[in-house]
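> sequence-free structure coming up:
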């Protein structure tokens, strides 16, 4: 793909996603897109939720990614429609741009840079802007086709939300540690789990934890269907919402 077309797609994804995009797990998208000259995919997720809210969700996401030499570019934007107490509201937006550079050929050693923006009405979040850097190690056991990736780094986060006496305005540096494990079960079925741990560097009791488990069946070379369950914990939620959330559902993904 021509560099101008790639740049245009990247710019378009940023412009659109900031205004109209729910948080997609980036590790699943990265696993699908790495090693390809150009990659694009659409994913739909129908889900239920318990914890902060009892709701039904329809979540759609789009990703563009490509490899150039030893570098990998990825940009994601998505949108969540949530039905809560009979009403449908557009209440979450999300974008993410990431560049990963392999330090030496086929070593599994990488450095990565990323920026991210998010809004979430149901978590009282007006805006969260994040920028960070990290080291990533990828491992692949060819005998059983198991894959693991470990990341460690830090990011700067600017977060605003709430109202009145509970208004929240915080700028903080956070550690970013994650682990992604992918395990085949059958010829066309595999399980993934991704765990993120993100404590504040100035106060370790201010911590966020996110874990997502997926069971995916490949229907064809391009289409797949799966189940997922996600647990999120925030030690300092905005306002009077609960500090944990559990979501579960099904998803359909098509790779172009």
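Structure's in. What do you need? Fair warning: this is a prediction, and the values are worked out from it, not measured in the lab. Numbers count the residues shown, from 1 in each chain.
> wait, residue 231 touches residue 244, no?
Yes: between residue 231 and residue 244 there is a contact at 7.1 Å, judged by Cβ atoms under 8 Å. (Glycine included, C-beta is placed from N, CA and C.)
> could you list the low-confidence segments of the stretch 1-150 of the chain?
For the stretch 1-150 of the chain, the stretches with pLDDT under 70 are 1-24, 47-54, 84-91, 122.
> how about the helices in it?
For the stretch 1-150 of the chain, helices defined by DSSP state H, counting those that start in this stretch occupy the ranges 3-20, 26-33.
> can you tell me the SS state at the residue nearest to residue 166 when sequence neighbours are not counted?
Excluding the flanking residues, the one nearest residue 166 by Cβ to Cβ, 6 or more residues apart in numbering is residue 239, at 4.8 Å. Secondary structure assignment for residue 239 (DSSP: H, G, I helix; E, B strand; the rest coil): coil.
> what residues are up against residue 239?
Residues in contact with residue 239 (Cβ atoms under 8 Å, 6 or more residues apart in numbering) are 124, 161, 162, 163, 166, 168.
> who wins on neighbours among the residues you listed?
Top of the contacts of residue 239 by neighbour number is residue 161, holding 21 neighbours under the definition other Cβ atoms under 10 Å.
> in stretch 148-156, which residues are buried?
For stretch 148-156, the buried set under the neighbour-count rule, 16 or more other Cβ atoms under 10 Å, comprises 149, 151, 153, 155.
> pretty sure the second one sits against residue 136.
Yes: if you go by Cβ under 8 Å, residue 151 and residue 136 touch, sitting 4.6 Å apart.
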